[in-house]
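Undergrad: Below is the sequence, then the predicted model.
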Amino acid sequence: MKENEQSRAGMWALYKMGGLPPAIRSVFQPDSAQQMALIRQVMRRQRNESGLETGLHELEAVVFDLETTGFEAEGGDEILSFGAVAVRGDRIIDTETFYMLVNPNRDIPPPIEQLTGITGKDVENAPDVMTGLGRFFEFVGRRTLIAHASAHDRRFLNAALWRTSKIRLTHRVLDTMWIAKWLEPERGDYSLDALLAAHGISVEQRHHALHDAVATAELWVKYVQAARSRNLHTLGDLYAYLSRD
């Protein structure tokens, strides 16, 4: 094999292992350059906006959830699916939803298959994670993100963004678990299951990214109404309230 052919073969092997930087990977996968540009554009626009003066009654947000192959974002686990629904103030926009399976390029552990109902066969022909990120952030745009127990989702988004595009999440992320802790301090269990049950919110299928996102959106709507009843009218008011000792 000639030297330049050996070089291309070696780079192709690195690409398949995920070891090439984004600019070089785009040579092998042209669509990735477009996805990367889209993601970076959304992040730049979001970074330039504060929005703390935005009224809670008009806040444009996206409630989202991820299903993943495990819990180690930096240890080899990957995103399996994205689910999201738009909200405006205390109203869920049922016509604006997003759901997408992605191929994690690794085996799905049996406990995760049982938990999520997502099997290796379901994702073997699904788009890759970068494509999923691009479409997800195209749906999100510059809107605020909302999730329950958001640390898990943020870790996976940041790990995937850094691995594919060398950027970090710049969107504001509100966490319904922490809002619940401040608005309902008497509770002992702030898991999503416990809070949904306490507020009489049903979920069509737990551990399905879209259904969990919709249920969390219903919870968010109740907390927006509770916040406004306490004279918290802007996002800044809510942050100030949540930062109290």
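TA: Good, I have the coordinates.
Undergrad: would you list every one of the strands in the chain?
TA: Assigned strands in the chain, in chain order: 60-68, 79-88, 91-101, 144-147, 173-175 (criterion: DSSP state E).
Undergrad: Quick one: closest of these to Ala160.
TA: Among those, the nearest to Ala160 by Cβ to Cβ is strand 79-88 (5.9 Å). Every C-beta, even on glycine, is put in place using the N, C-alpha and C of the backbone.
Undergrad: List the buried residues in the closest one.
TA: For strand 79-88, a neighbour-count test (16 or more other Cβ atoms under 10 Å) marks 79-87 as buried.
Undergrad: how about those in a markdown table, adding pLDDT and distance to Gly55?
TA: Shown next, in a markdown table, are the buried residues of strand 79-88 (pLDDT from 0 to 100; distance: Cβ to Cβ, whole Å):
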| residue | pLDDT | distance to Gly55 |
| --- | --- | --- |
| Ile79 | 98 | 33 |
| Leu80 | 98 | 36 |
| Ser81 | 98 | 32 |
| Phe82 | 98 | 28 |
| Gly83 | 98 | 27 |
| Ala84 | 98 | 22 |
| Val85 | 98 | 20 |
| Ala86 | 98 | 17 |
| Val87 | 98 | 14 |
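Undergrad: returning to that earlier point: pipe the strands of the chain into JSON lines and attach distance to Phe156 per row.
TA: Listed next are these as JSON lines, based on distance: least, Cβ to Cβ, whole Å:
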{"stretch": "strand 60-68", "distance to Phe156": "6"}
{"stretch": "strand 79-88", "distance to Phe156": "6"}
{"stretch": "strand 91-101", "distance to Phe156": "14"}
{"stretch": "strand 144-147", "distance to Phe156": "11"}
{"stretch": "strand 173-175", "distance to Phe156": "12"}
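Undergrad: Can you tell me which helices and strands the lengthiest helix in the chain packs against?
TA: Secondary structure assigned by DSSP state H gives helix 209-229 as the longest helix of the chain. Contacting helix 209-229 under the criterion 3 or more Cβ pairs under 8 Å, 6 or more residues apart in numbering; DSSP states H and E are the following elements: strand 60-68, strand 79-88, strand 91-101, strand 144-147, helix 176-183, helix 192-198, helix 235-242.
Undergrad: coming back round to it: could you identify the most distant pair in the buried residues of strand 79-88?
TA: When the buried residues of strand 79-88 are compared pair by pair using Cβ to Cβ, the two farthest from each other are Leu80 and Val87, 23.7 Å apart.
Undergrad: Can you list the low-confidence ranges for the protein?
TA: 1-50, 245 (pLDDT under 70).
Undergrad: re earlier: if we go by neighbour counts, what in the longest helix of the chain is buried?
TA: So for helix 209-229, counting by 16+ other Cβ under 10 Å, buried means 209-224, 227-228.
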